[in-house]
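# Can you look at this prediction? I've put the sequence above it.
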Amino acid sequence: MPEKNSKSAGVIRSLGLSVLVSGAVLCSALPVSCQLTESGIRLVSSDTTVPVVTAFSVSGERSLLLGFSEPASLDYVTVDDRACSVSYADEGRTASVEIPDSTKVGQSYVFYCTVRDASGNTLDYSRLFSGYNAHPARLLLSEVRTETSGNNDRYPEFVELYVLSSGNLWGLSLVTAKGGSGKTYSFGAVDVNAGEFVTVHYMSPADGSCIDETGADITLSTARDSSSQARDFWCGNTSSCLTKSDILLLLSDDGNTVMDAVAFSATESEWPGTVLSYGTRAFESGVWPDGASREYAASSAGATGVRTLSRLNVSELSLQYSEGAVASGAVIPAHAEDWAVVVKGSPGTWNNLTLYTAL
């Protein structure tokens, strides 16, 4: 009898070993890993891919929006070390974060969280962001000086804008095809009023004080082309950012939306691909609707340090906007015939409408 029991135990051990070996082979063929325990084989997910944050945006004064590469949840969610609440959508692929207090426009904040997927993989995520602009101003490109003297002092480049509706400038930026993204001018968190002019001086002359007028006093700047009737900002560039054949874009939403544009050329030569890409962007936005190529550009022939490229219908558009004929968020299309070279520039005030005529 003892010999029979011994044989039975051996058979059982052999069967158990066979099961373990079979289980190991099965695990190697499946997208899981295995752990051998006293009670048998436990299957463990082999997903070790860390979730990725694919989108991050500031959606309101107290809200953020995140997107993920896979369904996920958030732990330890804070803004400047203050706990935030979270809600989910799209089966966990997006998360809305509610901040305890309203953020201040333009002020910097630090967002932190731990992103966790269904398999337990985690990602510590931190992001610097700026307070939301709930009341953005609406601006209109008004005047451009593209020609400057060799030492920048006599005729520095500038771009003038007109304020259609009051608000804050945060989130707006200017970029030119020549200067590219490397010379983008980004506005600060400054409140402006409808009817004001804003002049962005791309180059700073040596005479007078080049002071950014960010507060109530708009008479602080005394350098060349400053205006006591307009708000002056200075880029401080030492090299030219504009040419007589160029494209200028006014952008919002961190550079994602074209708010206004002007394309201009002094020759009949086609634009190179880098410039044409700016024209395409202006055209596709509906702001410069006639076409993206050079043939649809305004003529800047005859522009000098004295003679500037000026918009001819600023007062008309201002009236239409104030009377509600143009919706606050609507695209305001611009055309080549809206712009012309005038006999004398007038930075910081209403444009001179006397057109330059070549002799």
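Everything's here; your move.
# My guess is residue 103 contacts residue 111. True?
No - assessed by Cβ atoms under 8 Å, residue 103 is found out of contact with residue 111, at 10.7 Å. Every residue, glycine included, has its C-beta placed from N, CA and C.
# Between these two, which is the more surrounded one?
A direct count of neighbours by other Cβ atoms under 10 Å for residue 103 and residue 111 places residue 103 higher, at 23 against 20.
# what helix or strand is that one on?
For residue 103, there is no helix or strand it lies in under DSSP states H and E.
# And it, its phi and psi?
Comment: the main-chain dihedrals of residue 103 come out as phi -80, psi 160, following degrees, to the nearest 10.
# Would you check how far apart it and residue 321 are?
Shown here: residue 103 relative to residue 321, a distance of 29 Å by Cβ to Cβ, to the nearest Å.
# repeat for residue 180
Residue 180 sits 31 Å away from residue 321, going by Cβ to Cβ.
# Comparing those two, which residue is more hemmed in?
Set side by side, residue 180 and residue 321 show more neighbours around residue 321, with 19 against 12, by other Cβ under 10 Å.
# Can you report how many residues lie near the closest residue to the more buried one other than its chain neighbours?
Nearest in space to residue 321, with sequence neighbours left out and distances taken as Cβ to Cβ, 6 or more residues apart in numbering, is residue 164 at 4.8 Å. By the other Cβ under 10 Å criterion, the neighbourhood of residue 164 contains 22 residues.
# And for residue 285, nearest residue in space, chain neighbours not counted?
residue 258 (3.7 Å).
# what packs against the host helix or strand of that neighbour?
Taking DSSP H and E as the criterion, the element that holds residue 258 is strand 257-265. Under the contact definition 3 or more Cβ pairs under 8 Å, 6 or more residues apart in numbering; DSSP states H and E, strand 257-265 sits against strand 138-145, strand 246-252, helix 273-285, strand 298-299, strand 309-311.
# Nearest residue to the middle of this structure?
Note on the chain: the residue nearest the mean C-alpha position is residue 254, at 1.7 Å, using Cα atoms, centre = their mean.
# contacting residues around that residue?
residue 171 (Cβ atoms under 8 Å, 6 or more residues apart in numbering).
# and if we set it to 10 Å?
Listed by Cβ atoms under 10 Å, 6 or more residues apart in numbering, the contact set of residue 254 reads 57, 58, 130, 171, 172, 173, 186.
# before we move on, the earlier item: most tightly surrounded among the helices and strands packed on strand 257-265?
Counting by mean count of other Cβ atoms under 10 Å, strand 309-311 has the highest mean neighbour count of the helices and strands packed on strand 257-265, with a mean of 27.
# ok, it: who's next to it in the sheet?
According to DSSP bridges, strand 309-311 has the following sheet partners: strand 138-145 (antiparallel), strand 339-341 (antiparallel).
# The longest one to strand 246-252, inter-axis angle?
The directions of strand 138-145 and strand 246-252 differ by 160 degrees, with axes from the mean of the first three to the mean of the last three Cα atoms, to 10 degrees as the criterion.
# Show me which positions of the next helix or strand after strand 138-145 end up buried.
Scanning forward in sequence from strand 138-145, with DSSP H and E defining helices and strands, the next element found is strand 158-165. For strand 158-165, the neighbour count (16 or more other Cβ atoms under 10 Å) marks 158, 159, 160, 161, 162, 163, 164, 165 as buried.
# which of those residues lies closest to residue 96?
Residue 96 has its nearest neighbour among the buried residues of strand 158-165 in residue 165, at 28.6 Å by Cβ to Cβ.
# So the closest one sits against residue 324, correct?
No - in this structure, residue 165 is not within contact of residue 324 by Cβ atoms under 10 Å, at 11.3 Å.
# what's the nearest residue to residue 283 if we skip its chain neighbours?
residue 292 (4.0 Å).
# Could you tell me which residues touch both of residue 165 and residue 324?
What both residue 165 and residue 324 touch, as defined by Cβ under 10 Å, 6+ apart, is an empty set.
# which residues in the stretch 101-250 of the chain form strands?
Under the criterion DSSP state E, counting those that start in this stretch, the stretch 101-250 of the chain contains strands at 108-117, 122-130, 138-145, 158-165, 167-168, 173-176, 185-186, 191-192, 197-203, 230-237, 246-252.
# I'd like those strands as JSON lines, with mean pLDDT appended.
As requested, the strands of the stretch 101-250 of the chain are exported to JSON lines (pLDDT from 0 to 100):
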{"stretch": "strand 108-117", "mean pLDDT": "97"}
{"stretch": "strand 122-130", "mean pLDDT": "97"}
{"stretch": "strand 138-145", "mean pLDDT": "97"}
{"stretch": "strand 158-165", "mean pLDDT": "97"}
{"stretch": "strand 167-168", "mean pLDDT": "97"}
{"stretch": "strand 173-176", "mean pLDDT": "95"}
{"stretch": "strand 185-186", "mean pLDDT": "94"}
{"stretch": "strand 191-192", "mean pLDDT": "97"}
{"stretch": "strand 197-203", "mean pLDDT": "94"}
{"stretch": "strand 230-237", "mean pLDDT": "91"}
{"stretch": "strand 246-252", "mean pLDDT": "96"}
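# and those strands as TSV, adding distance to residue 69?
Formatted as TSV, the entries for the strands of the stretch 101-250 of the chain read as follows, by distance: least, Cβ to Cβ, whole Å:
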stretch	distance to residue 69
strand 108-117	9
strand 122-130	10
strand 138-145	37
strand 158-165	39
strand 167-168	34
strand 173-176	29
strand 185-186	30
strand 191-192	39
strand 197-203	39
strand 230-237	39
strand 246-252	28
